[in-house]
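Q: the sequence and its predicted three-dimensional model are supplied below.
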Amino acid sequence: MLTRLLASDERYSMAIRSILTWLCVAGCATLAGACSKEPGTGSSGSGGVGGLAGTSSESSSDTGGAATSGPTSSAGGGSSTATSSTGGGTGSSFAKHALVGYWHNFDNPSGCAIPLSQVSDDWDVIVVAFAQNDPVSSGGILFSPYPGETMPTGGCAVLEPRQLKADIAAKRAAGKIVALSLGGADGNITLENDADEVNFVESLTGVLMDWGFDGIDVDLESGSGLVHGSQIQTRLVSAIKKINQNVGGNMYLSMAPEHPYVQGGVVAFSSIWGAYLPIIDGLRDELDLLHVQLYNNSSVPTPNTPEYASGKLYPEATVDNLVVSVTMLIEGFTTAGGWQFKGLPASKIAFGLPSGPSSSNSPVTSNATIESAFHCLTEGTSCGEHVPSAKYPDFRGVMTWSINWDKHDGYPMSKEIAGFLHGS
């Protein structure tokens, strides 16, 4: 995820290997409507694309900045089977309180890429990391499964395209959301002119339809060139809107910015600082989930608190840091440039955190801290120094980097975090 993650999380030549494999085995032109068949998978678009678009039904019941004192009828009950009023994927549902994880389409010291079918049911949203830039078509997007690798500890198996498509379909049929992530610590997209935008829209539409993803996740970081005034910032909103229309207007959309790109807008509103905010604002109706990365960037400036007026900054990995970072996004805030960011519904916000010490630099937020912050936001209990002025029972949950690191470490996060999320 972050450029400052441990060096063990680098993918090195993964993009080149994936592209070569894609050319050899996928046989799929990524232009919309031009995808060939994988044996036994059916025609282009057979998997369908249907995510959670930020629909008017949700906006009317949970508007940005509005707080409730208790669960709403549209939120669905509090059991592990509770769902929101909008559904993710064809015939599936989106957990009221969800655990979101990134799945490695590459190998690294966490181990080999694992079959999607082996991802446990604790995970409600599976974000596939990552799509690749097309090296021969500016703006184009490719996706191919992990091609296998010989590692010092032994070889890693190939993820066969036909099997991965079947696994995606099976997860969706089981009520899970499976999205494709753009970017990552080393990744970027190309949107410099009209031609790039056309290629981006057509190719990514084709990838979504061919593989049957519910939608996309936008994880543009410091290597992406996303700054104020950039072509990416200007064009990404319209491009994503076009893709959403192409796949039926019901595409799942999430974002995973580093917090300088979002809450950092109160420090400055130039360069990377707050650069995601116009994109979030432009896609607020389509957006399903915003999980800002609340790690590897020290404390978050949080102006919507009395404590901030006296110079208080809450450090990483604390209940207060998590709570005030989220309430900023729900309540809205004024940037350093005077631009006002209007709040989002609590149901569109989740914590963004590492799965454990193997996946991030120190400090790593403990499960107990995450649970306390969740209960502080949703119930007004277990708070730290800062107590929110309202309760947000529809707050969505937790995103983590990553499913693979969690497995590597013996599932210290998913089992415990899913337990209290699904029981709330």
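A: Structure received. Values in this document were obtained by computation on a predicted structure and should not be read as measured data. Numbering: from 1, shown residues only.

Q: would I126 count as being in a helix?
A: No: according to DSSP: H, G, I helix; E, B strand; the rest coil, I126 belongs to no helix; its state is strand.

Q: that one contacts A174, doesn't it?
A: No: using Cβ atoms under 8 Å, I126 is not in contact with A174; the gap is 10.8 Å. Heads up, the C-betas are built off the backbone N, CA and C, glycines and all.

Q: of the two, which one has the most company?
A: I126 (23 against 10; other Cβ atoms under 10 Å).

Q: residues touching the more buried one, list them.
A: Taking Cβ atoms under 8 Å, 6 or more residues apart in numbering as the contact definition, I126 lies against G101, W103, L116, V119, K171, K176, I177, V178, A179, I403.

Q: how close does it get to V119?
A: 6 Å (Cβ to Cβ, to the nearest Å).

Q: count of residues packed around the closest residue to S372 other than its chain neighbours?
A: For S372, ignoring the flanking residues on the chain, the nearest one in space by Cβ to Cβ, 6 or more residues apart in numbering is S382 at 4.0 Å. Counted with other Cβ under 10 Å, the neighbours of S382 add up to 17.

Q: helix, strand or coil for S382?
A: S382 - assigned by three-state DSSP - is coil.

Q: just to check, M209 is in contact with V247?
A: Yes: between M209 and V247 there is a contact at 6.6 Å, judged by Cβ under 8 Å.

Q: next SSE downstream of the worst-scoring helix or strand of the chain on mean pLDDT?
A: One helix or strand of the chain scores below all others by mean pLDDT, DSSP states H and E: helix 56-61, with a mean of 31. As assigned by DSSP states H and E, the chain's next helix or strand after helix 56-61 is strand 98-104.

Q: off-centre distance for that next one?
A: 8 Å (Cα atoms, centre = their mean, to the nearest Å).

Q: C-alpha coordinates for that strand, PDB please?
A: The C-alpha trace of strand 98-104 is given here as PDB (Å, rounded to 0.1, in the frame of the first residue of the first chain):
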ATOM      1  CA  ALA A  98     -17.700  -5.000   7.100                       C
ATOM      2  CA  LEU A  99     -14.200  -6.300   7.100                       C
ATOM      3  CA  VAL A 100     -12.300  -5.300   4.000                       C
ATOM      4  CA  GLY A 101      -9.000  -6.800   2.900                       C
ATOM      5  CA  TYR A 102      -6.500  -6.600   0.100                       C
ATOM      6  CA  TRP A 103      -5.600  -9.900  -1.600                       C
ATOM      7  CA  HIS A 104      -2.100 -10.200  -3.200                       C
END
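
Q: got a pLDDT number for the spatially closest residue to P315 that is not a sequence neighbour?
A: Excluding the flanking residues, the one nearest P315 by Cβ to Cβ, 6+ apart is S299, at 4.9 Å. Note for S299: predicted pLDDT of 73.

Q: try the one 10 residues further on
A: As predicted, A309 sits at a pLDDT of 72.

Q: phi first, then psi, for it.
A: In terms of degrees, to the nearest 10, the main-chain angles of A309 are phi -60, psi -30.

Q: quick one: it and Q263, what's the gap?
A: In terms of Cβ to Cβ, A309 sits 17 Å off from Q263.
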